[in-house]
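sequence below, structure please.
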Amino acid sequence: MGWPEKEVVVQALGTGSAQSPGKIVNVELLGHQASLTWTQETTGLRVALPLEKPSDYAVTLKVTFA
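Next up is the predicted model:
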């Protein structure tokens, strides 16, 4: 439940997931102004996170689908 060191992987949002999430067009970290580097792979949505977390309490990724 801590802040990931470099990246986070959300397996349920991968293109090969049983949930069939569909194509992702954008990923944002709420409270963080800069763009994130991310890829949607077969194994999951892989998001590189900034060094500083935007909040000490809750961290939220906003995922936009096509």
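
contacts, neighbours, all on C-alpha from now
Will do.

strands of the chain, residue ranges please.
7-10, 24-29, 37-41, 44-48, 61-65 (DSSP state E).

using TSV, lay out those strands together with distance to residue 16 and mean neighbour count.
As requested, these are exported to TSV (distance: least, C-alpha to C-alpha, whole Å; neighbours: other C-alpha atoms under 10 Å):
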stretch	distance to residue 16	mean neighbour count
strand 7-10	12	15
strand 24-29	13	16
strand 37-41	8	17
strand 44-48	8	18
strand 61-65	16	11
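
between those strands, which one is closest to residue 55.
strand 24-29 (10.6 Å; C-alpha to C-alpha).

give me the residues contacting that closest one.
By C-alpha atoms under 8 Å, 6 or more residues apart in numbering, the surrounding residues in contact with strand 24-29 are 35, 36, 38, 40, 59, 60, 61, 62, 63, 64, 65, 66.

what sits against the residue positioned nearest the centre of the chain?
The centroid of the chain falls nearest to residue 47 when counting by C-alpha atoms, centre = their mean (4.4 Å). Taking C-alpha under 8 Å, 6+ apart as the contact definition, residue 47 lies against 7, 8, 9, 36, 37, 38, 39.

how much space between the nearest residue to it once chain neighbours are set aside and residue 62?
Using C-alpha to C-alpha, 6 or more residues apart in numbering and skipping the chain neighbours, the partner closest in space to residue 47 is residue 38 (4.3 Å). In this view, residue 38 and residue 62 are 12 Å apart by C-alpha to C-alpha, to the nearest Å.

may I have the beta-bridge partners of residue 45?
residue 10, residue 40 (DSSP bridges).

so it makes contact with residue 39?
Yes. Under the criterion of C-alpha atoms under 8 Å, residue 45 lies in contact with residue 39, with a separation of 5.9 Å.

on that earlier part again, what's the closest of the contacts of strand 24-29 to residue 14?
residue 40 (5.9 Å).

what's that closest one in contact with, if anything?
Counted by C-alpha under 8 Å, 6+ apart, residue 40 has contacts 13, 14, 15, 23, 24, 46.

okay, now the fourth one: neighbour count?
The reference is to residue 23. Other residues lying near residue 23 total 13 when counted by other C-alpha atoms under 10 Å.
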